[in-house]
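>>> coordinates only, sequence not included:
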């Protein structure tokens, strides 16, 4: 017995079968089962089309959701749109210090999380983190702070150098830091960190604080790529990142 074409059976939902096709369906169990399958699939597709679409959840690495969370926890405040003439300089410096501290905590926490998972014996030694801690506290949140934006920018650059130096030391002294699987996980997380920093600098291109940490994240990513290339077995090479 010659079966009906699948395209014709699929069209029965909107194009009624002819008397001859109905007779064939009565006699052929194979074509009858195929018609039931097509009918069920069509009904399911209509249900999915009519179903309400849930709003997409924001990514954890999305700058808008991240900055909103920082403001909720009072780690960062929005820059004021209008300022009184007598207080503009003081409020602007206050916001810069809050932003510097918030980004420092976020970037430091992300990188430290990558280091802490590599070996249980590696911990935050006070001697390693003291320069960073003292400089973060030295931002003077809530006090008069720096005398100029140039002075604040230089202090931020010093914090960045100390942070990078400490991170590199921890990487060099971590006995498991050169394992390729550890480096791959670190690279994946740094990719997300670079993306967050890029979104932030795009949203605020004049923000020097965010620009500093975008460059730091990029430098850490490049270093990890080099380490991963050195950790691969002979004859293996990295694909392009």
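Sure, I can see it. Just so it is clear, the model here is predicted, and its values are computed rather than measured. Numbering: from 1, shown residues only.
>>> what about residue 14, how many neighbours?
When neighbours are defined as other C-beta atoms under 10 Å, residue 14 has 7 of them. Yep, even glycine has a C-beta here, placed from its N, CA and C like the rest.
>>> what residues are up against it?
Going by C-beta atoms under 8 Å, 6 or more residues apart in numbering, residue 14 touches no other residue.
>>> Look at it and report its pLDDT.
Here the pLDDT value assigned to residue 14 is 78.
>>> Quick check on it: phi, psi?
Phi and psi for residue 14, reported as degrees, to the nearest 10, are phi -120, psi 0.
>>> And it, how far from residue 42?
Remark: distance between residue 14 and residue 42 (C-beta to C-beta, to the nearest Å) = 9 Å.
>>> Domain map for this protein?
Per automatic domain parsing, the structural domains of the chain span 6-50, 63-231.
>>> By mean pLDDT, show me the worst of those domains.
For the domains of the chain, where the average pLDDT is lowest is domain 63-231, sitting at a mean of 64.
>>> Isn't residue 228 up against residue 185?
No - contact criterion C-beta atoms under 8 Å: residue 228 and residue 185 do not qualify, at 10.5 Å.
>>> Give me the more crowded residue out of these two.
More neighbours surround residue 228 than the other of residue 228 and residue 185, with 20 against 15 (other C-beta under 10 Å).
>>> Name the nearest residue to that one, ignoring sequence neighbours.
Leaving aside its chain neighbours, residue 228 sits nearest to residue 183 (4.2 Å; criterion: C-beta to C-beta, 6 or more residues apart in numbering).
>>> and residue 21, what element?
Taking DSSP states H and E as the criterion, residue 21 maps to helix 19-27.
>>> what packs against that helix?
helix 29-50 (3 or more C-beta pairs under 8 Å, 6 or more residues apart in numbering; DSSP states H and E).
>>> Pull out the buried positions in the helix it packs on.
Within helix 29-50, the residues scored as buried using 16 or more other C-beta atoms under 10 Å are 31, 34, 35, 38.
>>> Same check on stretch 12-19?
Burial within stretch 12-19, assessed by neighbour count using 16+ other C-beta under 10 Å, is assigned to 12, 17.
>>> what about it, how long is it end to end?
Start-to-end span of stretch 12-19 (C-alpha to C-alpha, to the nearest Å) is 12 Å.
>>> do the same with stretch 202-209
13 Å.
>>> Enumerate the positions of it that are buried.
Taking 16+ other C-beta under 10 Å as the criterion, stretch 202-209 shows 204, 207, 208, 209 as buried.
>>> Point out the ones among the residues you listed that are inside helices.
Those of the buried residues of stretch 202-209 mapping onto helices are 208, 209, per DSSP state H.
>>> want to throw the buried residues of stretch 202-209 into TSV with distance to residue 22?
Shown next, in TSV, are the buried residues of stretch 202-209 (distance: C-beta to C-beta, whole Å):
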residue	distance to residue 22
204	68
207	72
208	77
209	74
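>>> my guess is residue 152 contacts residue 159, does it?
No - Residue 152 lies out of contact with residue 159 (C-beta under 8 Å); the separation is 10.6 Å.
>>> before we move on, back to that, from residue 221, how far out is the residue nearest to residue 228?
11 Å.
>>> Ok, residue 30 next?
Counting by C-beta to C-beta, the gap from residue 30 to residue 221 is 58 Å.
>>> Need the three-state assignment for residue 16.
Secondary structure state of residue 16, per DSSP: H, G, I helix; E, B strand; the rest coil, is coil.
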